[in-house]
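Q: Mind folding the following:
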Amino acid sequence: MIAKALRVGIPLTFASAGGFYLLENEDRRQNFLRQVVALSKSIVTSRNDFDDHFPRGTWNDNWDFREPSQLLDRKKYDKATDEERKTLEDECKATATRNIFLIRHGQYHLDSVEKNLTPLGRQQADVLGKRLAESGIKFDKLVMSTMTRATETANIILNHLPETLPKSSCSQIEEGPPYPPVPDVSHWKPPHSEFFVESARIESAFRKHFHRAPPTQKEDSYELYVCHANVIRYFVCRALQFPPEGWLRMSLGNCSLTWVVIRPSGRVTIRSLGDIGHFPPAKISFT
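A: Purely as a prediction, here's the structure:
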């Protein structure tokens, strides 16, 4: 009866009233009224609620726990005057932007123990080094994975950059399985114990290296990280607050560039993902 009333345009209140007293007992009448109310709410929501049509997640501005309120010295702040508090708050605000360039290593020998670079991999690193040198960007530091293929790539790149560029090695950004992927893949299934250990390490690397600039940093920074495809793809998902299980849906070429920007507000954007525009087709590989 309700559906018929809606089709012919009869108001719900009239339709319900017309059949109300035809029902045999009080329980049926109450159930009928509940159905009418629920249906009317559903119609109003489906017609007028924009968010119902476009469900969205939320963005966590304090994903790195570096909002000004998180950095305040609470004991000093509680004892301060209003003017002093304003000064303390300003001192905790980031003002610089961090530009993080994630570089995947060059092509390497899959069947060797060391998994060192192939001749093509060395050429790829050399071409990328030239591109970085000619970019006009003054880089602030280079961090490299301790695995052979990443260290070799980094050292070839460094041949094209100033000798004074600070450089360091980090074992936390070595390759590994960062998170069980969805959808599953049949050709790659690390044991659960490996995910349990390695995912914690890679997540720790993300927390160490990905965050907004400290309040003491006054100029924008440009930082190079030479590491691995799994690590980079996971970092991208985490930085954008995307589901981490989606990392394997991306593909990154050897010696590709991924540019992540972290604003003082904590907002994150990707300038480029897996950029291999510096290579001619003959030098592109994905091993």
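
Q: Could you use CA atoms for every contact and neighbour count after this?
A: Noted.

Q: Can you give the contact residues for whichever strand or helix holds Arg238?
A: Using DSSP states H and E, Arg238 sits in helix 229-239. Residues external to helix 229-239 that are found in contact with it (CA atoms under 8 Å, 6 or more residues apart in numbering): 102, 104, 173-179, 202, 206, 210, 243-244, 246-248, 250-252, 260, 268.

Q: What are the boundaries of the strands in the stretch 101-250 of the chain?
A: 141-145, 167-170, 221-227 (DSSP state E, counting those that start in this stretch).

Q: could you redo these as a markdown table and give each row mean neighbour count and distance to Arg131?
A: Compiled in a markdown table, those are given as follows (neighbours: other CA atoms under 10 Å; distance: least, CA to CA, whole Å):
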| stretch | mean neighbour count | distance to Arg131 |
| --- | --- | --- |
| strand 141-145 | 21 | 15 |
| strand 167-170 | 15 | 19 |
| strand 221-227 | 23 | 13 |
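
Q: Just send those back as CSV, with mean pLDDT too.
A: CSV is the format used below for these (pLDDT from 0 to 100):
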stretch, mean pLDDT
strand 141-145, 98
strand 167-170, 98
strand 221-227, 98
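
Q: So for Leu128, which of those strands sits nearest?
A: Between Leu128 and those, the shortest gap by CA to CA is with strand 221-227, which sits at 11.5 Å.

Q: pLDDT weak spots in the stretch 1-150 of the chain?
A: Along the stretch 1-150 of the chain, segments meeting pLDDT under 70 span 1-25, 39-48.

Q: so where do the helices sit in it?
A: 2-8, 12-20, 26-48, 50-53, 68-71, 74-79, 82-91, 119-133, 148-158 (DSSP state H, counting those that start in this stretch).

Q: Deepest in the core, which of the ones you listed is it.
A: With neighbours defined as mean count of other CA atoms under 10 Å, the helices of the stretch 1-150 of the chain peak in mean count at helix 148-158, which reaches a mean of 23.

Q: I would like the residues contacting that one, please.
A: 104-106, 108, 114-117, 121-122, 125-126, 128-130, 144-145, 226-228.

Q: what angle separates that helix from strand 141-145?
A: Using axes from the mean of the first three to the mean of the last three CA atoms, to 10 degrees, the inter-axis angle of helix 148-158 relative to strand 141-145 is 160 degrees.

Q: what angle sits between helix 148-158 and helix 119-133?
A: In terms of direction (the same axes, to 10 degrees), helix 148-158 departs from helix 119-133 by 40 degrees.

Q: Which residues are in contact with Tyr77?
A: The contact partners of Tyr77, taken as CA under 8 Å, 6+ apart, are 84-85, 88.

Q: Could you provide these in TSV, with additional columns for distance to Phe235?
A: What follows is the contacts of Tyr77, written out as TSV (distance: CA to CA, whole Å):
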residue	distance to Phe235
Glu84	38
Arg85	35
Leu88	32
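
Q: any idea which of the residues you listed is the one closest to Ser221?
A: Nearest to Ser221 out of those is Leu88 (CA to CA; 24.0 Å).

Q: Enumerate every residue touching that closest one.
A: Leu88 makes contact with 72, 77, according to CA under 8 Å, 6+ apart.

Q: What of Trp63?
A: Counting by CA under 8 Å, 6+ apart, Trp63 touches Gly266.

Q: For it, give its distance to Val260.
A: Separation of Trp63 from Val260 (CA to CA, to the nearest Å) stands at 15 Å.

Q: Likewise for Ala205?
A: 15 Å.

Q: So these two - more neighbours on which side?
A: Between Ala205 and Val260, Val260 has the larger neighbour count (other CA atoms under 10 Å), namely 23 against 18.

Q: Run through the bridge partners of that one.
A: Ile100, Ile270 (DSSP bridges).

Q: So it sits against Leu240, correct?
A: No. Counting by CA atoms under 8 Å, Val260 stays clear of Leu240, with 9.5 Å between them.

Q: Need the overlap of contacts for these two.
A: 268-269.
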